[in-house]
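A.B. asks: Sequence and computational prediction follow.
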Amino acid sequence: MTVVKNICCIGAGYVGGPTCAVIAYKCPDIKVTIVDINPTRIAAWNSDNLPIYEPGLDEIVFQCRGKNLFFTTDVDATIQEADLIFVSVNTPTKKSGIGAGMAADLAFVESATRRIAEVSKSSKIVVEKSTVPCRTAQSMRTILDANSTPEIHFDILSNPEFLAEGTAITDLLNPDRVLIGALQTPEGLKAQEALVNVYTHWVPRDRVITTNLWSSELSKLAANAMLAQRISSINALSAICEATGADVDEVAYACGRDSRLGPKFLKASVGFGGSCFQKDILNLVYLSQQLNLPEVADYWKQVVIMNEYQKKRFVRKIISTLFNTITHKKIAVLGFAFKKDTGDTRESAAITLIKDFIQENAKVAIYDPKVCPEQIFMDLSEPGVVDNRKELEKQIQICASAYEAAEGADAVVIVTEWDEFRDDQIDYTKIYDSMHKPAFLFDGRLLVNPTKLREIGFKVSVIGKNELAGTA
Ligand code: NAD
Ligand code: UGA
């Protein structure tokens, strides 16, 4: 039996960092080293101010760092020492060339794989942790085989990550399942068992699923596509609710009580964001097209189309409610991260919304508890549209609190569901008093109680709810 004693993780990002920190925490007998080519990121992992915000992460890193958890830019030496290597690098959507705008860019996976092949002096288990198109392991196999010798053998496993940001640590400590795919050969199965033994340090064996390589790769894309599909489904229904007087929360509750449907992931919103849902669905769409399955491609593409529609629909609703113009009006945007409890802004709905507000010549005041001003400026700069900071500073103001953002505003727009924006956490009367009248509030997250806010004096619009609901 192969016993894993030394793990290398290539990629110190949102997945590599938390995942391998938890492995180190739960497996004191294993040395875990996380490497990255980005020295700033590694320096941050070695500092008191970690590069990502994730509840519970600091405690785990501070407890293990320097004992059995290390962060370094010395990629080659760490690869050489390791008996198991996680490849946890970014796989963004391709920006140019064949498949641009849809296919996954596998350049980082390939360069990490080549590095492993070039510098390894002993046999290793290489694990795909990044989300990749189905059959990527085959390309990795070809690269590694071309560099294998009779003394050095590489086994490839697929072990996709299912954590969600904001709850990464609890997801990792108590996963619904861990998925490990392997080639169904004696060596493949032996490697699979070695990784199973790492996870069973803390995950019950019946939650560790073992499959073939291709099922594991495809299951990751499938899970994200189905989760996003649920959000697009409830968001599509939210448009019907607004037009009819049905209440989307009530519809979601009534549907979710069916045990076959279940209650989770039915919260209507201004649209899903995050680095993965859109990327992974487009990846699945591209895969389907490549396999000459156009109907399948169109089916999944609709999930993304619906998400774009939801964001545009929300913007249109805001403009039409504000008497068809937001020129020179002040819009206070509460939340910039793609969801609560993270500082990550990748594909955040806030970016699309605010860019639209800027195009309409509104003044936008933004407050988010965890996103730094630099990140907001970077996300809103658009080459050829608003590409210099001075220009952008004329239109946006980054605030230190929701109160500051709302001062003198014509409308407050809730974009991220941070707990501190709930009506029992923040003083909406104080906000109302400081705003221009009529004071509008648009809730893109079904976070506040509209009745309570209307009593204060706000004109409230909520996704999936119609003000006239309840009337015949
Ligand atoms: P990320 O961009 O935060 O981190 C990736 C890191 O890899 C970067 O720091 C980059 O510098 C580093 N890197 C790239 N090439 C390298 C190389 N050759 N050698 C060393 N380091 C290299 O990305 P992420 O959010 O951690 O996502 C990583 C993968 O995990 C993606 O495929 C993503 O789809 C998947 N995933 C992400 C999440 C999530 O919540 N973010 C969840 C599940 C799966
Ligand atoms: C998602 C999946 O949940 C993870 O299992 C997966 O590992 C990860 O993608 C990935 O592959 O990157 P994440 O994007 O971090 O995780 O966060 P989610 O909780 O899934 O939220 C995604 C987006 O959907 C957010 O913008 C969130 O606000 C939105 N959402 C979520 C809704 O609008 N409604 C819901 O009911 C749930």
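C.D. replies: Thanks, I have it. Ligands and ions are numbered 1, 2, ... in the order given.

A.B. asks: How many residues are close by the residue lying closest to residue 373 once chain neighbours are set aside?
C.D. replies: Take residue 373 and drop its neighbours on the chain: the residue closest to it by CB to CB, 6 or more residues apart in numbering is residue 398, 4.4 Å away. For every residue, glycine as well, the C-beta is placed using N, CA and C. Look at residue 398: counted by other CB atoms under 10 Å, it has 20 neighbours.

A.B. asks: Show the contacting residues for residue 398.
C.D. replies: 365-367, 373, 376-377 (CB atoms under 8 Å, 6 or more residues apart in numbering).

A.B. asks: quick one, phi psi at the residue of the stretch 1-150 of the chain found nearest ligand 1?
C.D. replies: In the stretch 1-150 of the chain, the residue that lies nearest ligand 1 is residue 13 (1.9 Å; CB to the nearest ligand atom). Note on residue 13: backbone dihedrals following degrees, to the nearest 10 are phi -100, psi -150.

A.B. asks: thinking it is in contact with residue 87, fair?
C.D. replies: No. Counting by CB atoms under 8 Å, residue 13 sits too far from residue 87 to count as a contact (11.8 Å).

A.B. asks: These two: who's more crowded?
C.D. replies: Legend: neighbour count by other CB under 10 Å for residue 13 and residue 87, higher for residue 87 (27 against 20).

A.B. asks: re the thing from before, take the contacts of residue 398 and lay them out in CSV including distance to ligand 1, pLDDT and neighbour count.
C.D. replies: What follows is the contacts of residue 398, written out as CSV (distance: CB to the nearest ligand atom, whole Å; pLDDT from 0 to 100; neighbours: other CB atoms under 10 Å):
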residue, distance to ligand 1, pLDDT, neighbour count
365, 28, 98, 22
366, 23, 98, 23
367, 24, 98, 24
373, 20, 95, 14
376, 18, 96, 22
377, 19, 95, 15
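
A.B. asks: Select from those every entry located in strands.
C.D. replies: 365-367 (DSSP state E).

A.B. asks: Is stretch 28-41 positioned near ligand 1?
C.D. replies: Yes. Applying CB under 6 Å from any ligand atom, one finds that stretch 28-41 is in contact with ligand 1 at 35-38, 41.

A.B. asks: distance of the residue in the stretch 151-300 of the chain positioned nearest to ligand 1 from residue 218?
C.D. replies: Closest residue of the stretch 151-300 of the chain to ligand 1, CB to the nearest ligand atom: residue 161 (4.1 Å). Computed as CB to CB, to the nearest Å, the residue 161 to residue 218 distance reads 15 Å.

A.B. asks: Between these two, which has more neighbouring residues?
C.D. replies: residue 161 (23 against 19).

A.B. asks: need the residues of the stretch 1-150 of the chain near ligand 2, please.
C.D. replies: Residues of the stretch 1-150 of the chain lying near ligand 2 (CB under 6 Å from any ligand atom): residue 131.

A.B. asks: now do the stretch 151-300 of the chain
C.D. replies: 161-165, 224, 227, 231, 265-267, 269, 272-274, 276-277.

A.B. asks: Near ligand 2, which residues of the stretch 301-450 of the chain? Just list them.
C.D. replies: 338-339.

A.B. asks: Measure how buried the residue in the stretch 301-450 of the chain positioned nearest to ligand 2 is and give me the count.
C.D. replies: Residue nearest to ligand 2 within the stretch 301-450 of the chain: residue 339 (3.8 Å; CB to the nearest ligand atom). Using other CB under 10 Å, residue 339 has 21 neighbouring residues.

A.B. asks: three-state assignment of it?
C.D. replies: Recorded secondary structure, residue 339: coil (DSSP: H, G, I helix; E, B strand; the rest coil).

A.B. asks: helix, strand or coil for the closest residue to ligand 1 within the stretch 301-450 of the chain?
C.D. replies: Nearest residue of the stretch 301-450 of the chain to ligand 1 (CB to the nearest ligand atom) works out as residue 344 at 7.1 Å. Under three-state DSSP, residue 344 falls in the coil class.

A.B. asks: got a pLDDT number for it?
C.D. replies: For residue 344, the pLDDT comes out at 95.

A.B. asks: on that earlier part again, now do the same for the residue nearest to residue 373: its pLDDT.
C.D. replies: 97.

A.B. asks: same thing with residue 146?
C.D. replies: In this model, residue 146 is scored at 89, pLDDT.

A.B. asks: Phi, psi for it please.
C.D. replies: phi -60, psi -20.

A.B. asks: From what I see, it and residue 117 are in contact.
C.D. replies: Yes. Between residue 146 and residue 117 a contact is recorded at 7.1 Å, counting by CB under 8 Å.

A.B. asks: So which of the two has more stuff around it?
C.D. replies: residue 117 (20 against 9).

A.B. asks: Nearest spatial neighbour of that one, chain-adjacent residues omitted?
C.D. replies: Using CB to CB, 6+ apart, the nearest residue to residue 117 is residue 147, at 3.5 Å.

A.B. asks: Now do the contacts for the residue nearest the centre of the chain.
C.D. replies: Compute the mean C-alpha point of the chain, and by CA atoms, centre = their mean the closest residue is residue 274, 3.4 Å away. Contacts for residue 274 were tallied using CB under 8 Å, 6+ apart; they are 165, 338-339, 344, 346-348.

A.B. asks: I'd like to know which elements the helix or strand harbouring residue 194 is packed against.
C.D. replies: Residue 194 is part of helix 186-199 when elements are defined by DSSP states H and E. Applying 3 or more CB pairs under 8 Å, 6 or more residues apart in numbering; DSSP states H and E, we find helix 186-199 packed against strand 84-87, strand 124-128, strand 154-158, strand 178-182, strand 208-212.
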